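J.: Pasting the sequence and the predicted coordinates here, then a few questions.
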Amino acid sequence: MNWQGLSGLLNHDMLVKLFERIPDWGIEKSTYLMCGPEGMMKNVETLLSEQKIPKDKIFKESFVQGIIDKDKKTAVGTEDKKAREVTIRYDGQEYKIMVEPGKHILETALDEGIDLPYSCQSGLCTACRGKALSGKVKLDEEEGLSQAERDEGYVLTCVGHPLTDDVVIEIG
């Protein structure tokens, strides 16, 4: 009842006012984190873009269920019509699974009784993240990984499809 600060939706004007209050420690020492409803995060992304903040300094976490484009998923399944062997290294164990076209790596592992970490199963939470040590993996959704993580070979098993037989993924 006694609040004197800003209130209401985080629209562009309010975000500009809030951004002006952030101390300037220099781009190399600053990281921008955001989490919240999609509309708000889009507003924040727009503001950060206007402020010329590099994308590798911006991280976001989404708590909404991702929607995987059915056409995109079909396209992945039709790229290669054969099952692919995937090796998963997790918790000191090594597992070999055959992933059928159109199925995700995590889905296949769980079907085989392999207890891997996961949460949202839509490529947003990154609980299933692993590093592809070899081979090629196609992701239906890349939103959960930064460009730097993708460049380092990280993949999300919940939305990942093997494109080669030599896929080795280390989790954890």
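T.: Happy to help now that I have it. Numbering: from 1, shown residues only.
J.: Which elements pack onto the host helix or strand of Leu48?
T.: Take DSSP states H and E as the rule and Leu48 turns out to sit in helix 38-50. Secondary structure elements in contact with helix 38-50, counted by 3 or more CB pairs under 8 Å, 6 or more residues apart in numbering; DSSP states H and E, are helix 12-20, strand 32-35, strand 58-61. All C-beta atoms are positioned from the backbone trio N, CA, C, and that covers glycine.
J.: could you redo the last one with a cut-off of 7 Å?
T.: Contact analysis of helix 38-50 by 3 or more CB pairs under 7 Å, 6 or more residues apart in numbering; DSSP states H and E lists helix 12-20, strand 32-35 as its packing neighbours.
J.: Would you mind listing the buried residues in it?
T.: Within helix 38-50, the residues that qualify as buried by neighbour count (16 or more other CB atoms under 10 Å) are 41, 43-45, 47-48.
J.: quick check, nearest of the residues you listed to Glu20?
T.: Each of the buried residues of helix 38-50 was checked against Glu20 using CB to CB; the closest is Leu47, at 10.8 Å.
J.: how near is that closest one to Met14?
T.: Relative to Met14, Leu47 is positioned 10 Å away (CB to CB, to the nearest Å).
J.: Kindly report the same for Lys131.
T.: For Lys131, the distance to Met14 equals 39 Å [CB to CB].
J.: for the most centrally placed residue in the chain, helix, strand, or coil?
T.: Averaging the C-alpha coordinates of the chain gives a centre point, and the residue nearest to it by CA atoms, centre = their mean is Gly144 (1.2 Å). At Gly144 the chain is in coil, as set by DSSP: H, G, I helix; E, B strand; the rest coil.
J.: what residues are up against it?
T.: 123-126, 156 (CB atoms under 7 Å, 6 or more residues apart in numbering).
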